[in-house]
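Novice: sequence unavailable; structure follows:
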């Protein structure tokens, strides 16, 4: 199932970094993509993901997934697929680990609130903010801002969902400094990372939805894609307990999706006749993905999850309160910039001022945002656990 090795990103042929780094000091036996991965793991933004919402706002809930655990699960799935296809595992893993760095507190609810608050300054987009974080806001090095990731790493983060025609301001700004060729497709490693994200949240949100009482097993058994998996599990393990049966469902469903992606990606690559990474980038379509049949079933599963979990009345009340927290903090900092830590106070025009406030709030964890709102604005009515 391994692809032509010329289709894998080669660290020895990397386009390099925006800032040249002297080969001084202890570096260890790592290539450029391994260093990229390690820079993500050691970043402050990555550590903050442990207290950022995935789906459920649960600052102290021990059993629900958060952005950090989700990113680790995506990396496990992505690396497995990269290995099977003969792609670069380290670049794939790095892209999986970093793909959600730009999420603000409270997940998509927080993003919507920031998008509205920053409308006068170009809005907010979590994918573009991931690029802003790794190119500007993380500052661990003495000679430059950002993590100075490789071109291939930045390209994958910028375009993992495909070519970008109208980049948000943060992405356009980063692209102006280091051209990422936004109009082309990214590497196969980036495409695999994007599919791994879909596989992870489709299946793990089922697990969390059941745990939260928003889903019932009978509903899942009515979905053709899941009904088939349940049938196979019951044939293999008759009389299995409900808990173990559901855990087996998640495992089997991930395995089924991974197998489908590997076969379909191989088929598309062979059909397209691509033989080099440049040909992958100039292809007219995505080369890594689900087969048409599974893609249709996966979309149906997504619609079900949106209706039953993401758009549920129980989560909607929490979503509204989370947006109120973010909007309230933004208004407080805009009205009185002296409330911001000095390093986050802009000395530029109004647009730069708003973007600085957005940067500061986007970096907050859920619980930090709650604490600051209580301190600066007023009470917050969010559960300690879902």
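Specialist: Received it, and whenever you're ready, just let me know what you need. It should be emphasised that the depicted structure is a prediction, and the values quoted were computed from it without experimental measurement. Residues are numbered from 1 along each chain as shown.
Novice: from the contact counts, what lies against the helix or strand encompassing residue 254?
Specialist: According to DSSP states H and E, residue 254 maps onto helix 242-272. Secondary-structure packing of helix 242-272 (3 or more CB pairs under 8 Å, 6 or more residues apart in numbering; DSSP states H and E): helix 67-85, helix 188-211, helix 217-221, helix 224-236, helix 292-305. All C-beta atoms are positioned from the backbone trio N, CA, C, and that covers glycine.
Novice: try 10 Å
Specialist: Packing partners of helix 242-272 (3 or more CB pairs under 10 Å, 6 or more residues apart in numbering; DSSP states H and E): helix 67-85, helix 188-211, helix 217-221, helix 224-236, helix 277-281, helix 292-305.
Novice: quick one: which of the ones you listed is nearest residue 333?
Specialist: helix 67-85 (23.0 Å; CB to CB).
Novice: tell me which residues in the closest one are buried?
Specialist: For helix 67-85, burial by neighbour count (16 or more other CB atoms under 10 Å) applies to 67-68, 70-71, 73-75, 77-82, 84-85.
Novice: now stretch 123-143
Specialist: 123-138.
Novice: do the same with stretch 278-292
Specialist: Neighbour counts over stretch 278-292 (16+ other CB under 10 Å) mark 279, 280, 281, 283, 286, 287, 288, 289, 290, 291 as buried.
Novice: how long is it from one end to the other?
Specialist: Length of stretch 278-292, first residue to last, CA to CA, to the nearest Å: 26 Å.
Novice: residues near the residue nearest to residue 305 when sequence neighbours are not counted, how many?
Specialist: Spatial nearest neighbour of residue 305, excluding adjacent residues (CB to CB, 6 or more residues apart in numbering): residue 205 at 5.6 Å. Other residues near residue 205 come to 25 when the count uses other CB atoms under 10 Å.
Novice: wait, residue 205 touches residue 197, no?
Specialist: No - applying CB atoms under 10 Å, one finds residue 205 not in contact with residue 197, separated by 11.8 Å.
Novice: joint contacts of these two?
Specialist: residue 70 (CB atoms under 10 Å, 6 or more residues apart in numbering).
Novice: about what we covered before: Throw the helices and strands packed on helix 242-272 into a markdown table and include mean pLDDT, thanks.
Specialist: Shown next, in a markdown table, are the helices and strands packed on helix 242-272 (pLDDT from 0 to 100):
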| stretch | mean pLDDT |
| --- | --- |
| helix 67-85 | 96 |
| helix 188-211 | 93 |
| helix 217-221 | 90 |
| helix 224-236 | 93 |
| helix 277-281 | 97 |
| helix 292-305 | 93 |
